[in-house]
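# Make a model of this:
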Amino acid sequence: MSYNDVILLLGSNINNPENNVKEALLEIEKKVGAIIAKSRVISTKPVEFDSFNIFCNIAIRIKTQFSPFRLLAEIKTIERSMGRLQDSSDLGVYNDRIIDIDIILYNNIRFISRKLVIPHAKNLYERDFAIGIIKQVQ
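Residues are numbered from 1 along each chain as shown. Okay, here's the model as predicted:
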């Protein structure tokens, strides 16, 4: 069996963000694949929307057997099970969220579809907080 090398970025800014991130990490290990590296946890102000709620963020590197679409489906299932019912891409705007899990890199592929773009350009190249913690797991 072959495994895929993936970097995910997690964030939460409501309902006890640190615990939300910890819970999501446990779910990822149970349902998606082994976590082989973690960045330090950082706190950041919201980006591209206004809120008084501070984000808890972490980047992780995982090994998974899932294809990009299967991985996306599993991540969305985890987000929904934790209480995130609407995705920013569906709403067309960013807002406070109990958990957000983004696929940043998947092996060395470039992939573009309506639902999934790899690499995740905003987090990989434009958002300073993300760039810093992603480098910790690359």
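# how about low-confidence regions in the chain?
Counting by pLDDT under 70, the ranges of the chain that qualify are 1, 88-92.
# Now do the strands in it.
Secondary structure of the chain (DSSP state E): strands located at 4-12, 34-38, 42-44, 55-64, 100-106, 111-112, 117-118.
# Nearest to L72 among the ones you listed would be which one?
With respect to L72, and counting by Cβ to Cβ, the nearest of the strands of the chain is strand 100-106 at 6.5 Å. Where C-beta positions appear, they are placed from N, C-alpha and C, glycine not excepted.
# Give the other helices and strands that the closest one contacts.
Strand 100-106 is packed against strand 4-12, helix 68-81, strand 117-118, helix 128-135, with contacts defined by 3 or more Cβ pairs under 8 Å, 6 or more residues apart in numbering; DSSP states H and E.
# For the longest one, buried residues please.
Taking 16 or more other Cβ atoms under 10 Å as the neighbour-count basis, helix 68-81 is seen to contain the buried residues P68, L71, L72, E74, I75, I78, E79.
# can you check stretch 41-52 too?
So for stretch 41-52, counting by 16+ other Cβ under 10 Å, buried means I42, T44, P46.
# any idea how far it is from the chain center?
Relative to its parent chain, stretch 41-52 has a centroid offset of 15 Å by Cα atoms, centre = their mean, to the nearest Å.
# I'd like to know which of the buried residues of stretch 41-52 is nearest to A59.
Out of the buried residues of stretch 41-52, the one with the shortest distance to A59 is I42. That distance is 9.3 Å, counting by Cβ to Cβ.
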